[in-house]
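**Q** Quick one: sequence and predicted model below, then my questions.
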Amino acid sequence: MTGLCKCPGSVPRPRQRCADGPKMVRISDLIRGDGSTIPTECTVAVTPDTPVTEALRKMQEVGCDNIMVMQDDTKGRSVLSKEDVLSGLLLELDNSQVQLMQLQQQIERGIADQIDVVQDGVRAIVQWEKDKLAVATDHMTEGLIILGPTGEIERANPSAKVLLGLKPDDGLDALAGIIDGLGLRNMVSSKDDPDDRKEGGFKVRSTHHKILKMRWNQMADLWGRFLGNVITVRDVTEEEIAEKSKTEFIASISHELRTPLTTIQNSVSNILAGVTGKITDKTSDYLHAMKSDCHRLADLVNDLLDMAKLQAGSMPVNRRVMSVVSVVNDTMHMLASQAHARNVELHYETPSRISPVYADPQRIGQVLTNLIGNALHFTPPGGKVTVRTFDSGDDVVTVVQDTGIGIAAELQKQIFGTFYQIHREAGPGSRGSGLGLAICHGIIAMHGGAIWVESTEGHGSRFFFSLPRTDPFIMLYKHLSSLSRSSSGVSGDFAFMMLHFDVPAEKADACAGEAGSIINELLAESDHFLPDPQDLAIQTEDFEVVFVVGDKASVRLDKVRRRIQEIVRARFRKNCGQAPILPMLGVGFYPGDTSEVRDLEKMARRKLIRLF
Amino acid sequence: MFDFLGLKKKASKTRILVVDDEPNIVQTLQDRLEMNEYEVFTAGNGREGLQKFEQERPDVILLDVIMPIMDGHEMLEMLRKQAGGQDVSVIMLTARSQTQDIARANACGIDDYIVKPFDLSELLEKIESVVEHRKAVMR
C-alpha cells in the first residue's frame, strides 16, 4: 500500500497543506494488470486518473454498477464493478487512518519533547532554589537541624554544629552523637506521637556550657503524612545571664527596700501609739497617711519581687489538695470592709459541692485578692461584685463579675501583660503596681490553669480563672505509693491519720462551719507541724482531713496529734459544746500493717480512736 | 484602781530578746515593747544573741533571719541544743521571700513568724499570744 503523506518536522500540519499529501486512490490503482473487459449494458466511462470517490459519485448519478475505464489504445478498455470501486474507497480510508495514527504519534512526540524541556527548566529552577536555600541556611546565625521521619538527621547547617560544640564541617554522625547525648530526639514529635504534638520548645545546656533554646516544628506534606521535624537552635546564654542578673537585682533591691520600710513603718506606728508622747490630731492625720503609704509601698515591693520570681520560674509553691471555696471565703472576709467602705455589694454564689484542686492556697488567695480587689476598685458605689465557683469539665472555674466600667475589647488581651493599667483615673484610691494581673496570670499558669476576661465597655467585666480538678484520694494514693517505694523494707515507717468530725444532725448547723474552719486552719498550718516534704495533709471530705506523716513517725505523729488536740480543744469544744461531738483519729502504719494503700485507709477508719 | 502596795511592779515583766542586725529596727522594736511593759534586751547577730540568752534568760526571742557572723537559723539550731534553750519561745522575723525557710526553722521549733515589713500591732498580738500559751503550759 502506498500513498502515505509524510510531513516534515515534528509539528503536524493540516492535511491539505501537506506537500506530497496522502496519495488519493485513483481508478488506475484498481485495474488489474490483464485488464478486465466484462461487457455490460450500463457503464460509466471514466479515465484512469479519476479518483474513486468521483467514480462512485458518477455511478450513483447514473445508477450503474459498473464503470468503463477509458485507457489509451494500447491497453484497451477495462470494466470495474461497484465492489472494485468500493474496495478502492476502503484503501483510501486505510491510508487516512494510517496517516491519522502517524499524526497522533507526531503530536505525542511533540508534547513529550515540550514536557522534557519544561521539566528540565523546572529541575534547574528547583536546584537553583535548593542551592540558594542551602546557602541561606548555611549563613544563618541560628542553627537548623532537619530530622527525618525516623529521627535521622537529614540536614544540619554549620551554625547548628558550632552551637552544639562541633566544627562547621564536621559530619552528621558527630552531630547525631551530640543530639543523642542531649536526648533531643525524645523531645520532638514522632510519627505516632501519643500527645499529637505539632510544635514545642525547650532549653538545653550544651556540653560546652552554652544555654541553647531549641524550637521544633513538625513537618507534614499536603496529605498530612509525617515528614519529620525541623529544629532551630539559638544561643541564649547571654540573654539568660542578663535575665538572671535582672531577676537577682530585683530580688535584692526588693529585699533592701524592706529594711528601711520596716523602720519607717515601725517609727510611724510607735509615734501613733504614743511612744514619743502625746501628738496633735493634725500630726496623727499625717502619720496615718504615712502608714497607709508604707503599706502600699510594701505591696509594690512584694509585687515586684513576685513578678521577678515568676519570670525566673523560682516562685515557691506549696501545693496541696484544697478547696477553692474556702480560699474565696477567706478572701471575701478579708475584703468585706473594703467593699462596705466603697458601698459595693460583695456576694459569693456557689453550689454545695465543688471538686478539690491541687494548688497553693496562699497563691490562689493572692489571685483572688487581686481580682476581687480590682472589681471593687472599678465598680462605682451602689454596684455589685459577684463571685461564683463551679465545676466545668476537668476544671474548677471561678468567676469574679462586677458592674463596673468594663474593658474595651482591644485592651482585653493586653491587660495580663506586665505594667499594664486600665483607666487608672477611673478608680479612686491608690494605684497599683500594674503587675497585679500579670502576677495572677503567672500564678494560674504555674498551676496549669487559665485566666481570661469577658467584658463589654460600660457594662462590667467578668474575670475567669480555671484550675484543674483533682481527686484527693488519687493524690493520697500517689503519695503513699511513692512513700512505700522510698521506704521499702522499713516497717512502720510512716503513719496515716484521719481526723473526722462526727457532727450529729442536730448540731450540724452550729458546728459544720466550725469543723470546716478548723480543717482549713489545720491545712493552712500543716506545713509547720509537718515540715518534712514526705508529709502530707489533705482534706478528703467536708468533715475529714487526712495526715500522712513520713519518716520518724512516732515523734512527729505525736506533734500532729498535739496540734490537732490544741486546735480542737480551743475552738471546737468551746464553740460547739460538749459531747456528742467526737472528733476522731485513726492511726495506721505502713507497710507494717498492710501493703495495700486502700487497706490502709480502711484500717485507719476501723481503728478510729477517740482522742478528745 | 490604785496600786498602793506596788504589787504590779513586783510582778515580773516578760523578758524579750530582740536579735536583728538593723539598729533602727531594733530601736523601734525596743521602744514599743518597753512601752508595752516588756523588758527588752538586744543583740546584733546570732552569736551575740546566744551570749545575751545565756546572760538574760529571756522568755521570748524575736529573731531576724539574715544577719552577719551568725544568721537566725544557725542561732536557733544552737539555741535548741543549749541547756534551757528548748523552753524559750521564738518568733522569727522574716522577709516574705524566705517563707519557704520557715519549714527549716520549724524543724527546730519556732512558735510563730512574722513577715517584714510587719505591722507592730500585729507583732504585739503574736507576742501576747505566745506569752499566753507559755503561761498556760507552765500552769
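**A** Okay, I see it. These figures come from a predicted structure and were not determined experimentally. Numbering: from 1, shown residues only, chains lettered A, B, ... in the order given.

**Q** Can the longest strand that chain B contains be said to contact chain A?
**A** If you go by DSSP state E, chain B has its longest strand at strand B:89-95. Yes - part of strand B:89-95 sits near chain A under the criterion CB under 8 Å from any CB of the partner chain, namely B:A95. Just so you know, the C-beta spots here come from the backbone N, C-alpha and C atoms, and that holds for glycine as well.

**Q** so what does that strand touch, helix or strand wise?
**A** Under the contact criterion of 3 or more CB pairs under 8 Å, 6 or more residues apart in numbering or on different chains; DSSP states H and E, the helices and strands touching strand B:89-95 comprise strand B:60-64, helix B:72-81, helix B:102-107, strand B:112-116, helix B:120-138.

**Q** List the buried residues in that strand.
**A** Buried residues in strand B:89-95, counting neighbours by 16 or more other CB atoms under 10 Å in any protein chain shown, are found at B:89-95.

**Q** want to try JSON lines for those, with pLDDT as columns?
**A** Rendered in JSON lines, the data for the buried residues of strand B:89-95 read as follows (pLDDT from 0 to 100):
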{"residue": "B:S89", "pLDDT": "90"}
{"residue": "B:V90", "pLDDT": "91"}
{"residue": "B:I91", "pLDDT": "91"}
{"residue": "B:M92", "pLDDT": "89"}
{"residue": "B:L93", "pLDDT": "87"}
{"residue": "B:T94", "pLDDT": "78"}
{"residue": "B:A95", "pLDDT": "70"}
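
**Q** Using JSON lines, lay out these together with distance to A:L476.
**A** Supplementary listing: the buried residues of strand B:89-95 in JSON lines, determined by distance: CB to CB, whole Å:
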{"residue": "B:S89", "distance to A:L476": "34"}
{"residue": "B:V90", "distance to A:L476": "33"}
{"residue": "B:I91", "distance to A:L476": "33"}
{"residue": "B:M92", "distance to A:L476": "31"}
{"residue": "B:L93", "distance to A:L476": "36"}
{"residue": "B:T94", "distance to A:L476": "31"}
{"residue": "B:A95", "distance to A:L476": "34"}
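
**Q** which of these lies closest to chain A?
**A** B:A95 (5.8 Å; CB to the nearest CB).

**Q** list the contacts for that closest one?
**A** Contact criterion CB atoms under 8 Å, 6 or more residues apart in numbering or on different chains gives A:255, A:258, B:65-66, B:115-116 as the residues in contact with B:A95.

**Q** Pull the most distant pair out of the residues you listed.
**A** Taking every pair in the contacts of B:A95 and measuring CB to CB, the maximum separation is 13.4 Å, between B:I66 and B:V115.

**Q** what about the nearest residue to A:A339 once chain neighbours are set aside, which SS state?
**A** Closest residue in space to A:A339, ignoring its immediate chain neighbours: A:L346 at 3.9 Å, by CB to CB, 6 or more residues apart in numbering or on different chains. The local conformation at A:L346, judged by DSSP: H, G, I helix; E, B strand; the rest coil, is strand.

**Q** what's around A:L346, how many residues?
**A** Applying the criterion other CB atoms under 10 Å in any protein chain shown, we find 20 residues in the vicinity of A:L346.

**Q** ok, now B:D87?
**A** By the other CB under 10 Å criterion, the neighbourhood of B:D87 contains 11 residues.

**Q** picking up where we left off before, what is the residue nearest to A:A339 paired to in the beta sheet?
**A** Judged by DSSP bridges, the bridge partners of A:L346 are A:V385.

**Q** check contacts around it.
**A** Applying CB under 8 Å, 6+ apart to A:L346 gives the contacts A:332, A:335-336, A:339, A:372, A:376, A:384-385, A:387.

**Q** Could you report the distance from it to A:V400?
**A** With the distance defined as CB to CB, to the nearest Å, A:L346 ends up 10 Å from A:V400.

**Q** so what sits against both of these two?
**A** Between them, A:L346 and A:V400 share the contacting residues A:372, A:385, A:387, judged by CB under 8 Å, 6+ apart.

**Q** from those, which is closest to chain B?
**A** Closest to chain B out of the shared contacts of A:L346 and A:V400 is A:I372 (20.9 Å), distances taken as CB to the nearest CB.

**Q** which SSE is the closest one in?
**A** helix A:361-377 (DSSP states H and E).

**Q** and that helix, what does it pack onto?
**A** Counting by 3+ CB pairs under 8 Å, 6+ apart, helix A:361-377 packs on strand A:320-322, helix A:324-341, strand A:384-392, strand A:395-402, helix A:436-446, strand A:461-468.

**Q** On the three-state scheme, B:K13 is what?
**A** Under the three-state scheme (three-state DSSP), the conformation of B:K13 reads as coil.

**Q** Run through chain B and note the low-pLDDT ranges.
**A** Counting by pLDDT under 70, the ranges of chain B that qualify are B:1-11, B:96-108, B:138-139.

**Q** does the closest residue to chain A within it sit in a helix, a strand or a coil?
**A** When CB to the nearest CB is the measure, chain B has its nearest residue to chain A at B:T28, with 3.5 Å between them. Using three-state DSSP, the structure places B:T28 in helix.

**Q** Let's have the contacts of B:A95 in a markdown table, adding distance to B:N36.
**A** Listed next are the contacts of B:A95 as a markdown table, based on distance: CB to CB, whole Å:
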| residue | distance to B:N36 |
| --- | --- |
| A:H255 | 29 |
| A:R258 | 24 |
| B:V65 | 24 |
| B:I66 | 26 |
| B:V115 | 21 |
| B:K116 | 20 |
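
**Q** Closest to A:R571 out of those?
**A** Checking those one by one against A:R571 (CB to CB), the nearest turns out to be B:V115, at 24.3 Å.

**Q** how about the helices in the stretch 1-150 of chain A?
**A** Using DSSP state H, counting those that start in this stretch, the helices of the stretch 1-150 of chain A run over residues A:52-62, A:82-138.

**Q** Out of the ones you listed, the one nearest chain B is which?
**A** When the helices of the stretch 1-150 of chain A are ranked by proximity to chain B, the top entry is helix A:82-138, at 45.4 Å, counting by CB to the nearest CB.

**Q** Fine by me, we can end here.
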